[in-house]
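*Asks:* got a predicted structure plus its sequence, pasted below:
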Amino acid sequence: MNPQLLIVDDEKNQREGLRAALEDHFDVYLADAASSALELLEKEHFDVLLTDFRMANEDGLKLIARAKSLPKPPVCILMTAYGSEELAVEAIKRGADDYVPKAKMQIEELEFRINRALRSRKLETENTSLRQQLDTKFGLENIIGQSPPMLEVFDIVKQVAPSQATILITGESGTGKELIAKAIHQLSSRSKGPLVTVHCGALPANLLESELFGHEKGSFTGAHERRIGRVEQAQGGTLFLDEIGEIDPVTQVKLLRVLGERTFERVGSGRTLSADIRLVSATNKNLEQMVKAGTFREDLFYRLRVIQIPLPALRERRGDVPLIARAFLKEFAAENAKIIADFEPEAIDAILKYNWPGNVRELRAALEHAVVLCRRDRIALRDLPASVREAAPMQPLNSILEPSIPASPSLTVQEAEKQLMIRALQECGGNRTIAAKMLGMSRRTLHRKLHVYHLEGF
């Protein structure tokens, strides 16, 4: 399908001549005035607007400015017999994509300029689309959570991401620390730079130093050529060090220098290089205890923990479990070409009761297992892994929440029950089905009691 081209010129011979020359490669429309051209632009989408500068009542620059304000503006090229450098500059300022003097205009050159502008527009559109895809993939939109603990995490991420502060993400394995690191990078001013990830626990001490800082040829046995380290690769962007608690004492010292002086040296080199990076790290270990035990440098710990983002375990945000489970169900059903609508009641009940010691990572694996084994259009209890099917009953709410409810001789049974209900709903992110299970009552009973205690807003 040819691009749609609108030619605007108040000289008939000029209009007709351009149409005859261009109609083999474009679907050409004609207008003899800016007003009629604007009517066409508002009714139909055009890929290209080719307009004369001097026309009766209105010039081409004003038409271009109005065309560029449309929801889907065309590529705009200005033609004029009154060529000057000042006019060319003004045309570009008004939004023109190119400028063609009539006196020097050749049809082949005009076609070339039109196609070049169209290619540039296509590339710009593709880049915008790619950026939106990256935002969706790595931004907070990709992290599922509506519970109060996760909403607090999201709020912190949005607040600290635009800064240059060093960030330490803590939490159990499988809680999504790497996803949070990617979101921080994507929401930061360094998002156009690289995000370089190093899993410190996967590398032995003698290789980690070289991996981070690089090395020169011949600096140690096996160093057959110069290697650029991850710090250097991350210049202008973000360096994410996962499992930061695993780094050895020598590398800790070098990392401290990076954070303090913003410089480093390759292994085997005396040349000092600058480190223009933003450091985000993560750990499932208690670094404070490691500092007390003497296995982690105290000064490095404080440099890393300028901002700390603790991630809650999945059992601490049970209200998010059904949301995450259904997201994984949709993903794996599509991946395995299956049509699976939802969960059987017994299956979702088992998923809610299970404590998920492996957190979101374990839930993901369990859902892939269930989808692969599912025989019908709903996940049944038998489709789940044995560890989930045989889950112990959910811990009673009072054993979880009682310590935070102050004992008072004046506290009535009704007031205590009201406080328990409030806490249950807060723990579950407002999910009444889960709150009812934790309270040991039916959802209908919970609904009735919420009405009695005037808590319908929860």
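*Replies:* Thanks, I have the structure now. Source: prediction; values computed, not measured. Residues are numbered from 1 along each chain as shown.
*Asks:* can I take it that V100 is in a strand?
*Replies:* Yes: checked against DSSP: H, G, I helix; E, B strand; the rest coil, V100 lies within a strand.
*Asks:* gap between it and R66?
*Replies:* Taken as Cβ to Cβ, to the nearest Å, the spacing of V100 relative to R66 amounts to 20 Å. Yep, even glycine has a C-beta here, placed from its N, CA and C like the rest.
*Asks:* could you do R227 as well?
*Replies:* 56 Å.
*Asks:* now L256. Nearest residue, chain neighbours left out?
*Replies:* With sequence-adjacent residues excluded and distances taken as Cβ to Cβ, 6 or more residues apart in numbering, L256 is closest to L300, at 4.8 Å.
*Asks:* list the contacts of that neighbour.
*Replies:* Shown in contact with L300 (Cβ atoms under 8 Å, 6 or more residues apart in numbering): 252, 255-256, 259.
*Asks:* in a markdown table: these, plus distance to E216, secondary structure and neighbour count.
*Replies:* Written out in a markdown table, the entries for the contacts of L300 read as follows (distance: Cβ to Cβ, whole Å; DSSP: H, G, I helix; E, B strand; the rest coil; neighbours: other Cβ atoms under 10 Å):
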| residue | distance to E216 | secondary structure | neighbour count |
| --- | --- | --- | --- |
| Q252 | 22 | helix | 16 |
| L255 | 19 | helix | 26 |
| L256 | 22 | helix | 16 |
| L259 | 23 | helix | 17 |
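*Asks:* quick one: the residues you listed as CSV, columns for distance to T80 and pLDDT too.
*Replies:* What follows is those, written out as CSV (distance: Cβ to Cβ, whole Å; pLDDT from 0 to 100):
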residue, distance to T80, pLDDT
Q252, 67, 94
L255, 61, 94
L256, 63, 94
L259, 58, 94
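*Asks:* what sits opposite V28 in the beta ladder?
*Replies:* Applying DSSP bridges to V28 gives these bridge partners: L5.
*Asks:* is it true that it touches L5?
*Replies:* Yes: using Cβ atoms under 8 Å, V28 is in contact with L5, at 5.2 Å.
*Asks:* show me where the protein has its strands.
*Replies:* Assigned strands in the chain, in chain order: 4-8, 27-31, 48-52, 75-80, 98-101, 167-170, 195-199, 238-242, 263-264, 273-274, 278-283, 307-310, 342-343, 378-379 (criterion: DSSP state E).
*Asks:* how close does L87 get to E232?
*Replies:* Shown here: L87 relative to E232, a distance of 47 Å by Cβ to Cβ.
*Asks:* one more: E243?
*Replies:* As for E243, its distance to E232 is 21 Å (criterion: Cβ to Cβ).
*Asks:* over to C76?
*Replies:* Here the distance between C76 and E232 works out to 43 Å (Cβ to Cβ).
*Asks:* counting neighbours, go ahead and name the busier of V100 and R66.
*Replies:* Using other Cβ atoms under 10 Å as the criterion, V100 and R66 rank with V100 on top: 21 against 17.
*Asks:* residue contacts, A181?
*Replies:* With contact taken as Cβ under 8 Å, 6+ apart, A181 is in contact with 167, 169, 195, 197, 238, 240, 242, 280, 282.
*Asks:* closest one to S189 out of those, please.
*Replies:* Ranked by distance to S189 (Cβ to Cβ), the contacts of A181 are led by T238 at 10.5 Å.
*Asks:* how about the helices in the stretch 101-250 of the chain?
*Replies:* Listed from the start of the chain, the stretch 101-250 of the chain has helices (DSSP state H, counting those that start in this stretch) covering 107-138, 148-160, 177-186, 205-213, 230-233, 249-261.
*Asks:* any idea which of those helices is most buried?
*Replies:* Ranked by average neighbour count under the criterion mean count of other Cβ atoms under 10 Å, the helices of the stretch 101-250 of the chain are headed by helix 177-186 at a mean of 23.
*Asks:* may I have it exported as CSV, CA atoms only?
*Replies:* Extracted C-alpha coordinates of helix 177-186, given in CSV (Å, rounded to 0.1, in the frame of the first residue of the first chain):
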residue,chain,number,x,y,z
LYS,A,177,14.9,-8.3,44.2
GLU,A,178,16.2,-8.3,40.6
LEU,A,179,12.8,-7.1,39.3
ILE,A,180,13.0,-4.1,41.7
ALA,A,181,16.5,-3.3,40.6
LYS,A,182,15.4,-3.3,37.0
ALA,A,183,12.5,-1.0,37.9
ILE,A,184,14.8,1.4,39.7
HIS,A,185,17.1,1.6,36.6
GLN,A,186,14.2,2.0,34.2
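*Asks:* pLDDT below threshold where in the protein?
*Replies:* 82-85, 124-141, 392-414, 416, 429, 440, 456-458 (pLDDT under 70).
*Asks:* quickly list the domain ranges of it.
*Replies:* The domain map for the chain lists 4-130, 140-312, 315-389, 397-452, with the assignment taken from automatic domain parsing.
*Asks:* thanks a lot, see you next time.
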